[in-house]
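> sequence and predicted structure are below.
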Amino acid sequence: MKKLSTKLKFRMGSAVILILFCAVAAIAVYNYQIKIATNDIYRETEIFIATADATRTYVKDVLRPTITELLPEGAFVPHAMSTSFVGREIMERLKQRFPRFIYKRAAGNPMNPINQADGFETAMLAWFSGHRDQNEWHGIIEKDHRAYYTRLRAIYAENECLACHGRPEDAPPAVKEIYGENSGYYYTVGEVVAADTIYIPVDVTFIRIKEAAWMVFLIAMPSLFFLLGLFHLLFNRTVVLELKGILSKFRTILGPGEKKADIQLIGSGDEIDQLKSAFEIAAMDLQKAHDDLSDSESKYRMLFESSQDPILIIDRNARIMNINQAGMALFGFADITAVCSQGTVYPLFWNKADGESLFDEAKTNHSIRGRELYMRDRNGKKLMVMLSATVRLGENEEFAGMDATLRDITDKQRLENQLAKTEKLASIGQLASGVAHEINNPLGVIRCYTNLIEKSAGPETPIMNDIRIIRKHTDQCKTVVEALLNFARVPEAKKRQMDIHSCLDDVLNVLEIQMDKQHFIVQREFNGDVPLIVMDVYQIQQVFMNLLINAKQAMPEGGRILVRTRFHKDRSMIAVDISDTGQGIPEDHINKIFDPFFTTKQPGQGTGLGLSVSYGIVKQHGGDIEVNSNPAMGTTFTVLLPIEQC
């Protein structure tokens, strides 16, 4: 069976929709007209019902009492005293003006047989009796092969009704003479005894409404089909021509082969089916490309996240777009949101100029290999990293960003510096030891002869002033030589278990009196979790003394010195921070401060051996000294002492 083309399906579907639309519209018109006609008829019946009610109440309340007073007792004139009789007569006369309606006072037990209810009316009287809250019903019924709009209103027996419709023996003789004693009696108060019933034929009206609905259907359908034809013509002149152009583009893109053959003409001029076939082929290719891309992205993501080296994805504006877990661990971030909220990558560089020059180099060379530079984590800790980067280019070969891979070489650099420093200090120590011995012997001879001259010369001789000058400079040389010997060979430590806080308190108690006079504020922040350690108390006190004196000398105008202790449980080490608020140490001096004889003090104010000796003592205890200095903000020396090795 030949497959239907899309165009034919569209035309058939449009035809079915139009037919259904016309049918629904005709039905809607029919129902709407029925509703309007029914509402009009209801209002028309209201006039007749109101007339019957008015007649009945007038006879009951006015006419009957008046006639009763005029007539002898027991007399009854139905033409003036019977509500049903008078009402029926008036409605019959009203019908002469309005011949369409039929009025009946339907009763189940009437005195006058003309009012006897038929089957429908009897059923409705029973319904009113069963539904005491309802006194009216209206609707359309089929009667005598015609459709009637019917409205019924219930009539209930009242006290005055019982005078005629109660027990037969109590009824007026004239009533029994006219109607007999077999029917119309034994009413009770509140009983549904009759219903005013109006019948209006509506079959002719409904036929006319049905004809109008068919007219709507028959006129609307050809009109809409004509309109559909116009749209089809417009569609062929506009959309189909565009579709042909798109098909030509698809054939050009796909090129020769099986795929092009798949979208050859399916039917005469059926461009939509051809376009559908082309889109299906393109969708399959796109799905395959999407699957390949997803696999590639999954592999890349796995490599990206599992890499031990930090990786940063940076855009053209130096914003961090992504970072792997190793990168977040290096810079101390908990999640990627905190990283991206920084704005740019520059805050991670120790020196912003390094970051800017890095970007300039990447734009120029399109790659960076093994660049060593300083960066910082989110807490400001200085990091030494080796950075390599590959540049990403945009569609027009413009710089679109770069992917940077970092390697943390902070510990490696620190170890290399410590090793170089240790070797340097060892060499200097050997040299200092030899030089000290060579200088110490002549100094001893000079001092001996100075003492001999002092004894042989009188106390008031002019040469005594020269001897004092010689002795002063000899003592100064001796002090330097002793410092050299102490640096060259640190004496064997006499270690014992002590509280580091007691050691610090002893040093601070000596210095605080002088510092208070010179406007220094000394603050203690001791951690109660710091355990006892094994150390040479006097040597460690010498280290703290040197560091505190250096902190004091770094603030000539006074300032704040903070002494803080910390316990690194994971590293099994305690840390003692001594911080000042001085001018800080220039960056080019940081690597020289532990060198022997290096000092920035004025001549005669220091030998340059204090930090060197302190460094040697701490190293002998298996610890280390770290320095963190920020120009114009101050310097912090951190003494690290291990627990187990001490």
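Happy to help now that I have it. Numbering: from 1, shown residues only.

> can you list the domains in this protein?
Per automatic domain parsing, the domain ranges recorded for the chain read 25-208, 260-299, 307-408, 414-488, 496-642.

> Met12: which of those is closest?
domain 260-299 (14.2 Å; C-beta to C-beta). No exception for glycine: its C-beta is placed from N, CA and C like everyone else's.

> report the contact partners of Thr565.
Ile500, His501, Leu504, Glu525, Phe526, Asn527, Val530, Ile574, Ala575, Val576, Asp577 (C-beta atoms under 8 Å, 6 or more residues apart in numbering).

> number of residues surrounding the fourth one?
Pointing back at Glu525 there. 11 (other C-beta atoms under 10 Å).

> turn the domains of the chain into TSV, including distance to Ile19 and mean pLDDT.
Below are these laid out as TSV (distance: least, C-beta to C-beta, whole Å; pLDDT from 0 to 100):
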stretch	distance to Ile19	mean pLDDT
domain 25-208	11	84
domain 260-299	23	66
domain 307-408	53	86
domain 414-488	89	69
domain 496-642	83	84
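
> to Phe231, which of those domains lies closest?
Among these, domain 260-299 sits nearest to Phe231 (C-beta to C-beta), with 15.2 Å.

> what packs against the helix or strand encompassing Asp506?
Element membership for Asp506 (DSSP states H and E) is helix 500-517. Other elements packing on helix 500-517 under the criterion 3 or more C-beta pairs under 8 Å, 6 or more residues apart in numbering; DSSP states H and E are strand 520-525, strand 533-535, helix 537-553, strand 559-568, strand 573-579.

> what sits up against that helix?
522, 524, 526, 530, 532-533, 535, 537, 540-541, 544-545, 548-549, 552, 561, 563, 565, 574, 576, 641.

> filter the residues you listed down to just the buried residues.
Neighbour counting with 16 or more other C-beta atoms under 10 Å marks 522, 526, 530, 533, 535, 537, 540-541, 544-545, 548, 552, 561, 563, 565, 574, 576, 641 as buried within the contacts of helix 500-517.

> still on that earlier bit, distance to Lys104 added to the helices and strands packed on helix 500-517, as CSV?
Below are the helices and strands packed on helix 500-517 laid out as CSV (distance: least, C-beta to C-beta, whole Å):
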stretch, distance to Lys104
strand 520-525, 110
strand 533-535, 121
helix 537-553, 122
strand 559-568, 110
strand 573-579, 114
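
> Ser456: which of those is closest?
helix 537-553 (40.7 Å).

> straight-line length of stretch 331-351, end to end?
End-to-end distance for stretch 331-351: 16 Å, by C-alpha to C-alpha, to the nearest Å.

> would you mark the buried spots in it?
In stretch 331-351, counting by 16+ other C-beta under 10 Å, buried: Phe331, Phe333, Ile336, Val339, Thr344, Val345, Tyr346, Leu348, Phe349, Trp350.

> Gly13 is nearest to which of the domains of the chain?
domain 260-299 (13.0 Å).

> please work out how many residues are found near Asn115.
20.

> same check, this time on the one 3 residues further on
Asp118 sits with 11 neighbouring residues when counted by other C-beta under 10 Å.

> and it, what is it in contact with?
Here Asp118 is in contact with Ala106 (criterion: C-beta under 8 Å, 6+ apart).

> so how far is Ser129 from it?
Distance, Asp118 to Ser129, by C-beta to C-beta, to the nearest Å: 17 Å.

> then Ile17?
52 Å.

> then Arg97?
When distance is defined by C-beta to C-beta, Arg97 is 34 Å away from Ser129.

> now Tyr374
Taken as C-beta to C-beta, the span from Tyr374 to Ser129 is 104 Å.

> and for Ile320?
In terms of C-beta to C-beta, Ile320 sits 87 Å off from Ser129.

> who has more neighbours out of these two?
Taking neighbours as other C-beta under 10 Å, Ile320 and Ser129 compare with Ile320 leading, 22 against 13.

> list the contacts for that one?
Leu312, Ile313, Ile314, Val339, Cys340, Gln342, Thr344, Val345.

> again, 10 Å this time
Counting by C-beta atoms under 10 Å, 6 or more residues apart in numbering, Ile320 makes contact with 312-314, 327, 331, 336, 339-345, 347-348, 404.

> next one: Phe333
Residues near Phe333 by C-beta under 10 Å, 6+ apart: Ile323, Gly327, Val339, Cys340, Ser341, Gln342, Asp377, Arg378.

> equivalent analysis for Asn322, please.
Arg301, Phe304, Ile311, Leu312, Ile313, Ile314, Asp315, Ile336, Val339, Cys340, Asp403.

> in the sheet, who's paired with the third one?
Spelled out, that is Ile311. Thr405 (DSSP bridges).

> so it touches Asp403, yeah?
Yes - contact criterion C-beta atoms under 10 Å: Ile311 and Asp403 qualify, at 6.8 Å.

> residues shared between the contacts of the two?
Here Ile311 and Asp403 have Phe304, Asn322 as joint contacts, going by C-beta under 10 Å, 6+ apart.

> can you give me the strands for the stretch 101-250 of the chain?
Assigned by DSSP state E, counting those that start in this stretch, the strands in the stretch 101-250 of the chain fall at 102-107, 136-143, 146-156, 192-201.

> one more: the stretch 251-400 of the chain?
311-315, 320-323, 367-376, 382-393, 399-408.

> which of those sits closest to Ile439?
Here strand 382-393 is closest among these (C-beta to C-beta), at 40.1 Å.

> list the helices and strands the closest one packs on?
Secondary-structure packing of strand 382-393 (3 or more C-beta pairs under 10 Å, 6 or more residues apart in numbering; DSSP states H and E): strand 311-315, helix 325-331, helix 352-365, strand 367-376, strand 399-408, helix 410-456.

> quick one: buried residues of that strand?
For strand 382-393, using 16+ other C-beta under 10 Å, the buried residues are Leu383, Met384, Val385, Met386, Leu387, Ala389, Val391, Arg392.

> tell me the angle of it relative to helix 352-365?
Counting by axes from the mean of the first three to the mean of the last three C-alpha atoms, to 10 degrees, strand 382-393 lies at 30 degrees to helix 352-365.

> you'd agree Val639 is in a helix?
No - with DSSP: H, G, I helix; E, B strand; the rest coil as the criterion, Val639 is strand rather than part of a helix.

> which residue, other than its chain neighbours, is closest to it?
If the residues on either side of it in the chain are set aside, Val639 comes closest to Val576, at 4.5 Å by C-beta to C-beta, 6 or more residues apart in numbering.

> who are the contact partners of that neighbour?
By C-beta under 10 Å, 6+ apart, the contact list for Val576 reads 500-501, 503-504, 526, 530, 540, 543-544, 547, 563-566, 623, 625, 637-641.
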